[in-house]
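Asker: next one to model:
(chains A and B)
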Amino acid sequence: MTEINRLSVAEQKSELESNFPELLVIKPKQERIGLPSLEGAENGKVVTRFPPEPNGYPHIGHAKAAIIDEEYAKMYNGKLILRFDDTNPENERLEYYAAIKVGLDWLGVKYDRVKNTSDDIELIYKKGMQMIESNHAYVCTCNQETISKNRREMKSCKCRSGDLDQNIKRWHGMFEKYNPGDAIVRFRGNMTSENTVMRDPVLFRIIEGNHPLLMNKYRVWPNYDFAVAIEDSIDGVTHAFRTKEYELRNELYYAILDRLQMRKPKMLEFSRLEFEGMPVSKRILKPLVEEGRVSGYDDPRLPTLEAMRRRGIVPEAIRKFVLSLSFTKSDTLAPFDSLESFNRKIIDAISIRLFMVTEPIKLIVKNNKVTYVELKNHPQKDIGKRKVEVDGVFYVSGNDVKDLKVGNQLRLIELYNVKITKIGSDIEAEYSGDDFKAELPKIQWITQKSSTKINILIPKTLFVNEKFNEDSLETIQAFTEKYYLELNEGAEIQFVRFGYCRKDSAIQAIYTHK
RNA sequence: GCUCCUGUGGUGUAGUCCGGUUAAGCAUACUGCCCUCUCAAGGCAGUGAUCCCGGGUUCAAAUCCCGGCGGGAGCACCA
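Answerer: Sure, this is the predicted structure:
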């Protein structure tokens, strides 16, 4: 070795070339495109699933999961299943099943099959029975406090040692005599396991809620862990993804399938997506809506898909953004900037350029001779023109003229130059030429006779330092061109020298980003 | 507290499994120039990382080993 190191690099190289040419072949190690490859994935055989609980409106977190699920299915020419994980009748509502579908539709996520976990409830009972009969589960009638105390102290209760007969009797009792809370089915795990999930977790409990699809036909419901494991297995899922906080439940997931001798999908986790100051949790969002601090689930400050749409974020941008985050478990402070950047590049080409002024100041041009001007809707793209009548009376933004002095010159964009002659509550000026001069300040303008008043909502961060930001929604009044009224609701606009907005109504636009 | 996960420029990531081709690629942000009758988009260039820290193995470590530290999560009859 030391001998070799004494040789020069060139000598080492020629030595290698003559004796071990195969070592010189550079390993491919090329850059990856898109998501990392999946272990054990076979082309055409991959099945993924997106399993939302229909208990709320879909948000950016759902989008990340659904997009990842779909992208992997696509990557391997596989299938994506949309499965509503509706095993808690107290939480599910019919409108949410629909809202989630609408959200996915908007996102452009296409699934190959839709189903509900509740469709399989009878089958899940069968599996539950099987667990009991094989003594891998038992019915526990201890109260909740006792159970959780025993869990903490790693102690078993008498129910755990009850015989098969007792368990079977109690299991049937759950469908009839027991009241909610009086009996649960527990997985026979390991009460002394370091993983608290394994300390005999709940598999079934009694809930007498009104299920949106099954009404009150059933009262024994599987819990999440049992339901997902079985569903994933019977649905043919090969690769299942969920967020990181479920990681400790993997042991249980595999243990359940193991006891039942069922096929095991591969479970993988990714970090959850949430924007700073923009919580996704229903616990936080619900009161905000109920107390009227936000206008609804489509308030542009919210991370719901509906809100994003209203704000002017397009689905392709969300997809690119999610993919740029890749598939990792590291905690991320999501860069809203980068979502905006993707969005801006996409909507730029279709955003109609309009003039808009705030804090309007009247500008009167004495010797105006122009009667109208035709403005292009986009500087590069051909997306139409509009005609604006001109009579010498304009509005300009207060901010653009606040430091103006008599004698200064300005360029009214796409129109002509003016020279200021008098400054009062109005500004008077005279026409000073058509020639474009780069050195003149260029400002946008609107004419008094063809202007329309709108509000622009500017969403800001909802929570600052964990506290609701009272100033999270700024509303500014503005005047824009009458042409605004001809645009469709939902049109993407760029107010020149201001930023991108989306037309929300005839009198309101929402600021998307700069 | 216990357990698990995680730690690459301001931010998000690639590379880490199989140590050397790269003192680290891309995106975003920022700066400058070009283009442009927008403070947009587009083009070009640039600033910015001793790859959390400390040891160790090795001719060679972001990559392997050991020990710390920081951050997150779980400890529900909710998913």
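
Asker: list the contacts of the spatially most central residue of chain A.
Answerer: Centroid-nearest residue in chain A: residue A:60, 1.2 Å away (criterion: C-alpha atoms, centre = their mean). Residues near residue A:60 by C-beta atoms under 8 Å, 6 or more residues apart in numbering: A:273-275, A:280, A:303-305, A:308, A:318. C-beta coordinates here come from the backbone N, C-alpha and C atoms, glycine included.

Asker: who wins on neighbours among those residues?
Answerer: residue A:305 (28 neighbours; other C-beta atoms under 10 Å).

Asker: and the gap between that one and residue A:59?
Answerer: From residue A:305 across to residue A:59, the span is 6 Å (C-beta to C-beta, to the nearest Å).

Asker: try residue A:461
Answerer: Here the distance between residue A:461 and residue A:59 works out to 16 Å (C-beta to C-beta).

Asker: can you give me the helices for chain A?
Answerer: A:2-6, A:9-19, A:60-75, A:94-107, A:121-133, A:144-153, A:164-175, A:224-234, A:250-259, A:282-290, A:305-311, A:315-325, A:336-348, A:398-401 (DSSP state H).

Asker: spell out which parts of the stretch 401-514 of chain A neighbour RNA strand B.
Answerer: By C-beta under 7 Å from any atom of the strand, the residues of the stretch 401-514 of chain A that approach RNA strand B are A:411, A:413-415, A:434, A:436, A:442, A:494, A:496-497, A:500, A:514.

Asker: need the pLDDT of the residue in chain A that RNA strand B sits nearest to.
Answerer: Minimum separation of chain A from RNA strand B (C-beta to the nearest atom of the strand) falls at residue A:497, amounting to 2.7 Å. The model reports residue A:497 with a pLDDT of 97.

Asker: if we can go back for a sec, shared neighbours of residue A:305 and residue A:59, anything?
Answerer: Residues touching both residue A:305 and residue A:59 (C-beta under 8 Å, 6+ apart): none.

Asker: can you pull out the low-pLDDT segments for the stretch 1-150 of chain A?
Answerer: A:1-31 (pLDDT under 70).

Asker: ok, now which ones touch the residue of chain A closest to RNA strand B?
Answerer: For residue A:497, the contact set (C-beta under 8 Å, 6+ apart) comprises A:443-444.

Asker: residue A:199 touches residue A:190, doesn't it?
Answerer: Yes. If you go by C-beta atoms under 8 Å, residue A:199 and residue A:190 touch, sitting 7.0 Å apart.

Asker: looking at those two, which has the bigger crowd around it?
Answerer: Each of residue A:199 and residue A:190 has its neighbours counted (other C-beta under 10 Å); residue A:199 has more, 23 against 14.

Asker: residues contacting the closest residue to residue A:258 other than its chain neighbours?
Answerer: Once flanking residues are discounted, residue A:258 sits nearest to residue A:264: 7.5 Å by C-beta to C-beta, 6 or more residues apart in numbering. Contacts for residue A:264 (C-beta under 8 Å, 6+ apart) come out as A:233, A:254, A:257-258.

Asker: now, of those, which are buried?
Answerer: Buried members of these, scored by 16 or more other C-beta atoms under 10 Å, are A:233, A:257.

Asker: ok, residue A:341 - how many residues close by?
Answerer: 16.

Asker: please report the distance of it from residue A:500.
Answerer: From residue A:341 across to residue A:500, the span is 12 Å (C-beta to C-beta).

Asker: need the contact list for residue A:43.
Answerer: Contacts of residue A:43 (C-beta under 8 Å, 6+ apart): A:76-77.

Asker: domain map for chain A?
Answerer: With domains defined by automatic domain parsing, chain A comprises A:47-270, A:282-348, A:352-513.

Asker: closest one to residue A:37 among those?
Answerer: domain A:47-270 (8.0 Å; C-beta to C-beta).

Asker: tally of neighbours for residue A:39?
Answerer: Close neighbours of residue A:39, defined as other C-beta under 10 Å, add up to 8.

Asker: for it, give its distance to residue A:262.
Answerer: Note on residue A:39: its distance to residue A:262, by C-beta to C-beta, is 20 Å.

Asker: give the buried residues for stretch A:349-368.
Answerer: Across stretch A:349-368, burial judged by 16+ other C-beta under 10 Å covers A:351-361, A:363-365, A:368.

Asker: how far does it sit from the chain's center?
Answerer: Counting by C-alpha atoms, centre = their mean, to the nearest Å, stretch A:349-368 is centred 36 Å from the centre of its parent chain.

Asker: likewise stretch A:39-54?
Answerer: Computed by C-alpha atoms, centre = their mean, the chain-centroid distance of stretch A:39-54 equals 20 Å.

Asker: is residue A:476 bridged to anything, and to what?
Answerer: Beta-bridge partners of residue A:476, counted by DSSP bridges, are residue A:456.

Asker: what's the answer for residue A:270, then?
Answerer: Counting by DSSP bridges, residue A:270 is bridged to residue A:243.

Asker: that one against residue A:68, yeah?
Answerer: Yes. Residue A:270 is in contact with residue A:68 according to C-beta under 8 Å; the separation is 6.6 Å.

Asker: tell me, what's touching these two both at once?
Answerer: A:241, A:327.

Asker: ok, back up a step: could you dump the contacts of residue A:60 into JSON lines with pLDDT and distance to RNA strand B added?
Answerer: Putting the contacts of residue A:60 into JSON lines (pLDDT from 0 to 100; distance: C-beta to the nearest atom of the strand, whole Å) gives the following:
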{"residue": "A:273", "pLDDT": "94", "distance to RNA strand B": "9"}
{"residue": "A:274", "pLDDT": "90", "distance to RNA strand B": "9"}
{"residue": "A:275", "pLDDT": "91", "distance to RNA strand B": "10"}
{"residue": "A:280", "pLDDT": "92", "distance to RNA strand B": "12"}
{"residue": "A:303", "pLDDT": "96", "distance to RNA strand B": "16"}
{"residue": "A:304", "pLDDT": "97", "distance to RNA strand B": "17"}
{"residue": "A:305", "pLDDT": "98", "distance to RNA strand B": "17"}
{"residue": "A:308", "pLDDT": "98", "distance to RNA strand B": "17"}
{"residue": "A:318", "pLDDT": "98", "distance to RNA strand B": "13"}
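
Asker: related to what we said a few turns ago, who wins for proximity to residue A:468 among the helices of chain A?
Answerer: Closest to residue A:468 of the helices of chain A is helix A:282-290 (C-beta to C-beta; 7.3 Å).

Asker: do that closest one and RNA strand B meet?
Answerer: No. Judged by C-beta under 7 Å from any atom of the strand, helix A:282-290 stays clear of RNA strand B, getting no closer than 8.5 Å.

Asker: looking at it, residue A:57 is touching residue A:304, isn't it?
Answerer: Yes. With contacts defined as C-beta under 8 Å, residue A:57 counts as touching residue A:304 at a distance of 4.9 Å.

Asker: list residues touching both of the two?
Answerer: The overlap between the contact sets of residue A:57 and residue A:304 (C-beta under 8 Å, 6+ apart) consists of residue A:297.

Asker: what's around residue A:291, how many residues?
Answerer: 9.

Asker: distance-wise, check it relative to residue A:398.
Answerer: 35 Å.

Asker: about what we covered before: got the domains of chain A as a markdown table, with distance to residue A:34 columns?
Answerer: Output for those, formatted as a markdown table (distance: least, C-beta to C-beta, whole Å):
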| stretch | distance to residue A:34 |
| --- | --- |
| domain A:47-270 | 7 |
| domain A:282-348 | 6 |
| domain A:352-513 | 26 |
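
Asker: out of the ones you listed, which comes closest to residue A:32?
Answerer: Residue A:32 lies closest to domain A:282-348 among the domains of chain A, at 9.1 Å (C-beta to C-beta).
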